[in-house]
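*Asks:* here is a sequence with its predicted model. Questions after.
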Amino acid sequence: MAMIKVPYGRGHLEFAVPTENLVGVFESRLSGSCPSAPGLALVEQSLAEPIGSPVASVLASGKRTAVIIASDHTRPVPSQAILPPLLQELRRGNPGLEITILIATGMHRASTNAELLEKFGPEVMANERIVVHDSRDPSQLVNLGVLPSGGQLWINRIAVETDLLLAEGFIEPHFFAGFSGGRKSILPGIAGEATVLANHCAEFIASPQARAGILDGNPMHRDMVWAARQAGLAFIVNVVINGSKQVVQAFSGDPFAAHAAGCEFVRSQCQVKVPPADIIITGNGGYPLDQNVYQAVKGMSAAEAAAAPGAVIIMAAQCADGHGGQAFHDLLASAASPAELSQRLAGVPQDQTVADQWESQVLARILCRHQVILVSQDCDPDMVRRMHLQPASSAEEALGMAFARQGRDARVAVIPDGVAVIAEALPAAP
């Protein structure tokens, strides 16, 4: 019997998989990678040697204001390793610089003070000005033109009106934007609701290029890059983290050149090829990415990419926050079946995109092809069923359900952290 740990909340769930059924455990090479230096030191080194840009202190010289876009509570960005050296570097070039930290919530709920304190630490919370972006507040937004896709570009006014715009973040595979980080700090990070809806339209989500690890030809990425250029994003600090959320590499400098270098590094570490399997067990990286069903769709999409036709996906995610979006829940719960929802959403025009439609569309696509068992000790089982998922309260129960459906000889593959990989299914042997 193979005992395999999958991240869950702030700990792990352990799956006991019969050795004769296990085809392998597939992880990013970053998962167990050891940092060559502490996170602060790696960030400081990248700030001293930026890619395609002068150092941040030179950019800050002569400026009156600066805005640093920071990720919200839903992302495991190690801000306590990024912000102190970045703030120090900016003030080295301009001690009087007025700095605002702008929280990139996209269309998520606002981060609480407790969540911000955990993210930034007491010193930043006590000494820096922090503003939380609200995509639904028109008074916060400025129009910057028309996206390549045709949607209106609305961006947070503070970011547009500052003299110097920077962003922190991290780079990992992203299930429809290709990779996180870089330009995503702008769109969807600090964009208006109408802009996010246009970018996340049904046509783009359905594109075969809107998948993890793909940037070339990705229509969502094209919009995001254009938005970042229009907003004047001048400098980024993006990190790559391991399975313990430690910084293993940092990329600073020009928002596009530094991000491209980071994406290529992540690609080299995260591609996995999975043999045919009848059951795929995966997770969503643990806290904070497995706080709700909405976020857990990301890990499910990695399993989908690697799954044989008709395979059962077991998703281990704590989901202490429940479904993660009322509109997301309601779209799924109102559908007679995933197929009916997929058909309905496929016909929605760009200018009629509704909140959380994209996440519902991806989940419905997965559910049309696979049964998904959600392992959560915190989610309401009835809510899980309404969303066309199968609830399980333990790893043992989930495996029992999967084997009952697929047979005792079912092949099992494990992707412990689905959000950390670019998965590809190997063809079945002839």
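*Replies:* Ah, there it is. Quick caveat: nothing in here was measured; it's all calculated off a predicted structure.
*Asks:* got the phi and psi for residue 131?
*Replies:* phi -120, psi 130 (degrees, to the nearest 10).
*Asks:* can you check residue 54 too?
*Replies:* phi -60, psi 160.
*Asks:* next one: residue 181
*Replies:* Taking degrees, to the nearest 10 as the convention, residue 181 sits at phi 90, psi -180.
*Asks:* residue 25 now?
*Replies:* phi -110, psi 130.
*Asks:* quick one: it from residue 206, how far?
*Replies:* Counting by C-beta to C-beta, to the nearest Å, the gap from residue 25 to residue 206 is 31 Å. No exception for glycine: its C-beta is placed from N, CA and C like everyone else's.
*Asks:* gap between the top strand by length along the chain and the chain center?
*Replies:* Using DSSP state E to define each element, the chain has its longest strand at strand 233-241. How far strand 233-241 lies from its chain's middle: 15 Å, per C-alpha atoms, centre = their mean, to the nearest Å.
*Asks:* which strands and helices sit next to that strand?
*Replies:* helix 39-48, helix 56-60, helix 79-93, strand 164-170, strand 247-253, helix 257-270 (3 or more C-beta pairs under 8 Å, 6 or more residues apart in numbering; DSSP states H and E).
*Asks:* keeping just the C-alphas, turn the shortest one into CSV.
*Replies:* Written as CSV, here are the backbone C-alpha positions of helix 56-60 (Å, rounded to 0.1, in the frame of the first residue of the first chain):
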residue,chain,number,x,y,z
ALA,A,56,13.8,50.4,-9.0
SER,A,57,15.6,53.1,-7.1
VAL,A,58,16.5,54.8,-10.5
LEU,A,59,12.9,54.6,-11.6
ALA,A,60,11.8,56.1,-8.3
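*Asks:* residues in contact with that helix?
*Replies:* Under the criterion C-beta atoms under 8 Å, 6 or more residues apart in numbering, residues 47, 50, 53, 66, 86, 89-94, 97, 164, 166, 234-235, 252 lie in contact with helix 56-60.
*Asks:* given the longest strand of the chain, what are its sheet partners and their directions?
*Replies:* strand 164-170 (parallel), strand 247-253 (antiparallel) (DSSP bridges).
*Asks:* adjacent strands (with direction) for the first helix or strand past the first one going along the chain?
*Replies:* What that stands for is strand 164-170. Note on strand 164-170: by DSSP states H and E, the next helix or strand toward the C-terminus is strand 173-174. Sheet pairing of strand 173-174 (DSSP bridges) gives strand 178-179 (antiparallel).
*Asks:* check which element follows the partner strand along the chain.
*Replies:* helix 193-199.
*Asks:* so how far is that following helix off the chain centroid?
*Replies:* On the basis of C-alpha atoms, centre = their mean, helix 193-199 sits 17 Å off its chain's mean C-alpha point.
*Asks:* tabulate the CA atom coordinates of that helix in PDB.
*Replies:* Output of helix 193-199 as PDB, limited to C-alpha atoms (Å, rounded to 0.1, in the frame of the first residue of the first chain):
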ATOM      1  CA  GLU A 193     -15.900  44.500 -13.400                       C
ATOM      2  CA  ALA A 194     -16.900  45.200 -17.000                       C
ATOM      3  CA  THR A 195     -13.300  44.700 -18.200                       C
ATOM      4  CA  VAL A 196     -12.900  41.400 -16.300                       C
ATOM      5  CA  LEU A 197     -16.200  40.100 -17.700                       C
ATOM      6  CA  ALA A 198     -15.200  41.000 -21.300                       C
ATOM      7  CA  ASN A 199     -11.800  39.300 -20.900                       C
END
